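Undergrad: sequence and computational prediction follow.
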Amino acid sequence: MPSQKILDKKKEQVQILADKFKKAKMIVLTEYRGITVEDDTKLRSTIRENGDEYSVVKNSIISHAAKEAGIDGLETLEGPTAVVIGYEDYVTPAKAVNDYAKDHDFYKIKSGVMDGKVIDVKEVKKLANLPSKDTLYAMLASALLGNIRNLAVVLDQAKQKQEENA
């Protein structure tokens, strides 16, 4: 039987992770078995650049934290698990791990959680293939700029026609 000190430490870990789960927009669970220290460092760096978190966590801690956060369906985790938590958007955490998994056969996405709901690997990969938030903003700005240009042309033509008729 573990000592009270160990149990208290585990409860604290569960609470910290549960709080992160509650704040997260996107969580991706991966099997990190076989990753080298160098690759792990690069992956962590990529994830942190996006403002997301990456950590290796015991499955029992993840399961208890998920229950504490009100997330159903993460109780049957197996093998070594890394957790990627995205606070700002849905795409960047999914894209980071999916891009890495494409280049490394041993690295597997287990599942994800989007806004507190468990999603499967296919859904995580669909999110990963969406454009990033910045790309979407650029596309929107471009479309709006094009519409504004078109409006300006139409208004100019209407003004010229009105001047010709006057």
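TA: Yep, that arrived.
Undergrad: S3 versus S60, what's the distance?
TA: 17 Å (Cβ to Cβ, to the nearest Å). For the C-beta atoms, the positions are set from N, CA and C on the backbone; glycine is no exception.
Undergrad: mind pulling up the pLDDT for L145?
TA: With respect to pLDDT, L145 scores 82.
Undergrad: neighbour-wise, which of S60 and S3 wins?
TA: Neighbour count, other Cβ atoms under 10 Å: between S60 and S3, S60 has more, with 13 against 8.
Undergrad: could you measure from that one over to G51?
TA: In terms of Cβ to Cβ, S60 sits 28 Å off from G51.
Undergrad: check G86 too.
TA: 8 Å.
Undergrad: ditto for D120
TA: 25 Å.
Undergrad: can you list contacts of stretch 55-63?
TA: 10, 13-14, 17, 29, 32, 74-75, 77-83 (Cβ atoms under 8 Å, 6 or more residues apart in numbering).
Undergrad: list the buried ones in it?
TA: 57, 59, 61-63 (16 or more other Cβ atoms under 10 Å).
Undergrad: weed out the non-buried ones from the contacts of stretch 55-63.
TA: 13-14, 17, 29, 32, 74, 77, 81-83.
Undergrad: let me know the closest of the residues you listed to G116.
TA: Taking Cβ to Cβ as the measure, G116 lies nearest L74 of the buried ones among the contacts of stretch 55-63, at 11.0 Å.
Undergrad: right, and that closest one touches K117 too?
TA: No: using Cβ atoms under 8 Å, L74 is not in contact with K117; the gap is 11.0 Å.
Undergrad: would you map the helices across the protein?
TA: All helices of the chain, identified by DSSP state H, fall at 4-23, 37-49, 59-69, 91-103, 121-128, 133-165.
Undergrad: cool, thanks, signing off.
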